[in-house]
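Asker: Got a sequence here, can you build the structure:
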Amino acid sequence: IHLIDAEILDEKEKRAVTKLLKKYYQEIQKLVKNPLSLKVHFKEYDKEGRRKKYSINADAIFAGRVFNANSWNYDLRRAIHKAMKKIENEIERQLHVSEQK
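Answerer: Numbers count the residues shown, from 1 in each chain. The predicted structure is shown next:
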């Protein structure tokens, strides 16, 4: 799991992000059954306003294939959930993992 621009997050956010990404890494690993690399790029907007908006760009790379997902939200955890679910759904759609079981 590679975090890019994670320095914009505070320690509490980093712990929450790491925990969530480990969970999703294991779930995706079960789907693909190949060595997996997960890259997650963080951006932050509206820094001067009352709320920060987080943008997540995630790549799952395995067996020469790349699955990409983008999401954004004011809640960091929700943005990560959305991006990871998009990747899981795309893997399922393209590889038909559930039909192979």
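
Asker: by contact count, what packs against the helix or strand containing Met84?
Answerer: Following DSSP states H and E, one finds Met84 within helix 76-95. Packing contacts for helix 76-95, counted by 3 or more CB pairs under 8 Å, 6 or more residues apart in numbering; DSSP states H and E, involve helix 11-32, strand 53-62, strand 65-73. For glycine as for every other residue, the C-beta is placed from the backbone atoms N, C-alpha and C.

Asker: For my notes, please list these in a markdown table and give mean pLDDT, distance to Glu90 and mean neighbour count for each entry.
Answerer: As requested, these are exported to a markdown table (pLDDT from 0 to 100; distance: least, CB to CB, whole Å; neighbours: other CB atoms under 10 Å):
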| stretch | mean pLDDT | distance to Glu90 | mean neighbour count |
| --- | --- | --- | --- |
| helix 11-32 | 87 | 11 | 14 |
| strand 53-62 | 89 | 9 | 19 |
| strand 65-73 | 90 | 5 | 15 |
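
Asker: Let me have these in a markdown table, adding distance to Asn89 as columns.
Answerer: Putting those into a markdown table (distance: least, CB to CB, whole Å) gives the following:
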| stretch | distance to Asn89 |
| --- | --- |
| helix 11-32 | 11 |
| strand 53-62 | 12 |
| strand 65-73 | 9 |
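
Asker: Nearest to Glu92 among the ones you listed would be which one?
Answerer: Closest to Glu92 of these is helix 11-32 (CB to CB; 7.1 Å).

Asker: mind checking how far the closest one is from the chain centre?
Answerer: 8 Å (CA atoms, centre = their mean, to the nearest Å).

Asker: Quick one: list the elements packing against it.
Answerer: Judged by 3+ CB pairs under 8 Å, 6+ apart, helix 11-32 is in contact with strand 37-45, strand 53-62, helix 76-95.
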